[in-house]
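K.L.:
Need coordinates for the below:
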Amino acid sequence: MANEDLGRTLRRLRRLASLTQEELAARSGVSVDVIRQLEQRRKHSARLPTLHALANGLGVELTTLLGDPPAVSSTGENDGPRFVAVRRAIMPVLWGPEPEPPGSDFTLDNLRGQIADGWTQYHAAEFDTVMKALPDLISDARSATAWGEDHERRAGFAALGKALQLAGHVAVRMGKTDLALTSLERAIDAAGQSSDPLLLPMIVNSTAWAYQRQGRLEDALSIALRAAADMVAAGHDGTADGLKVWGALTMSAATSAARSGDYDRAAAMMETAEKEAARLSKLPEGSDNRMVSVFSPSSVRIERVRLAVQYGHPHDALALAKGMRLSKDTPPSWRTWLLLDVARAHTDIGDAAGAVKTLESLRRVAPTWMQHHTLAVAIVRDLWALPNHPPGLGALAQFLGINE
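P.N.:
Next up is the predicted model:
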């Protein structure tokens, strides 16, 4: 949970930039009234286009405006010894020793399984567990790239790419987007030395996400579209795994388009993605879902709901979410995003009881993720500010540590 709420952070950053509320409004294009409501804590959240505009007006990254990112512990410490070990794994010490050969009990299959487990833990918000495992995973993968036959080394580079991609995702969750991009760039280099043609576009998709977190929306859009087009040109979208990677890139491009203000283009991309996702059931099953991009009819619909609610179409969001049946392989993180967005949509249309009911569902199915999401806190704070509290709101406020 964030140490500061949005309003306090906004006021502090505005004063550091020596800007009046009127000057920030002129720079950002956000109305003075909205800025006042946020700073006076009459409003605890805002849609992403508004937040991006405010961050741009202040000259800071979006994560700076939002406060502590989701993976930060309750102590607010996000650069402790465990994360230092992750840094060293991503960027080994200068003039350090060459990787040692793998031990006698080492197998690539075991390493791949451990990396897949790491992705499962990441999607379950078990960030401390992932950070503890990452240094050894990256070290073992580096060792696998330096020994054995050529095909074994290439497989080792594929494992290294996935481990560094995972490290990049954790770094983003810790608010360390520059470190994330360093890890992802090294993952791309490893992918180039592997024999997996899908690994590079998967890591490009992660890179696009990191760009989005930095507000580099044009960069994120361009690399996602290029990687998706390259996949089609190479014929890699004809398999289940390839289609999942293409679909994830297309959804990422849609998100960047929407955040840039082109909601219609984003919606068209998502409709195309949803049609293509229907092909998955007709293709032979691919490899371990944990090692491939998240893409399914469920994930596309979740992303469509997210874009609708974040860009001012709450009724569309609720219509899209109504009656959704999530596939069994939908990660907990995606279920969390769906329920948060539905709760936000209910809040936006003035249905406080519907918002509370949705948040209660989230607490049942993904309590850890709920506690890690600043959006959950913001929604509950907005509901708490209402004159009449719906049944169940007090328990949610207590669960999230909100004491108003």
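
K.L.:
Tell me which other helices or strands the helix or strand where Leu13 lies touches.
P.N.:
Secondary structure from DSSP states H and E places Leu13 in helix 6-16. Here helix 6-16 touches helix 32-39, helix 48-58, helix 62-66, going by 3 or more CB pairs under 8 Å, 6 or more residues apart in numbering; DSSP states H and E. Placement of C-beta: from N, CA and C, glycine included.

K.L.:
Now do the buried residues in it.
P.N.:
Neighbour-count burial for helix 6-16, with 16 or more other CB atoms under 10 Å as criterion, is recorded at Leu6, Gly7, Thr9, Leu10, Arg11, Leu13, Arg14.

K.L.:
Over to stretch 182-195?
P.N.:
Buried-residue list, stretch 182-195, by 16+ other CB under 10 Å: Thr182, Ser183, Leu184, Arg186, Ala187, Ile188, Ala190, Ala191, Ser194.

K.L.:
swap in stretch 324-344?
P.N.:
So for stretch 324-344, counting by 16+ other CB under 10 Å, buried means 330-344.

K.L.:
Stretch 38-47 too?
P.N.:
Leu38, Glu39, Lys43, His44, Ser45, Ala46.

K.L.:
Mind listing residues that contact it?
P.N.:
Under the criterion CB atoms under 8 Å, 6 or more residues apart in numbering, residues 5-8, 10-11, 14, 21, 34, 36-37, 54, 310-312, 344, 375, 377-379, 381-382, 385 lie in contact with stretch 38-47.

K.L.:
Where does the prediction get shaky in the stretch 301-404 of the chain?
P.N.:
Across the stretch 301-404 of the chain, the ranges flagged by pLDDT under 70 are 403-404.

K.L.:
For the helix holding Leu13, C-alpha coordinates in PDB please.
P.N.:
Extracted C-alpha coordinates of helix 6-16, given in PDB (Å, rounded to 0.1, in the frame of the first residue of the first chain):
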ATOM      1  CA  LEU A   6      -2.400  10.500  -4.400                       C
ATOM      2  CA  GLY A   7      -3.400  13.900  -3.300                       C
ATOM      3  CA  ARG A   8      -0.500  14.400  -0.900                       C
ATOM      4  CA  THR A   9       1.900  13.100  -3.500                       C
ATOM      5  CA  LEU A  10       0.500  15.400  -6.100                       C
ATOM      6  CA  ARG A  11       0.700  18.400  -3.800                       C
ATOM      7  CA  ARG A  12       4.300  17.600  -2.800                       C
ATOM      8  CA  LEU A  13       5.500  17.100  -6.400                       C
ATOM      9  CA  ARG A  14       3.700  20.200  -7.600                       C
ATOM     10  CA  ARG A  15       5.400  22.300  -4.900                       C
ATOM     11  CA  LEU A  16       8.800  20.800  -5.600                       C
END
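
K.L.:
domain ranges for the protein?
P.N.:
Following automatic domain parsing, the chain resolves into domains at 1-67, 77-196, 215-295, 312-404.
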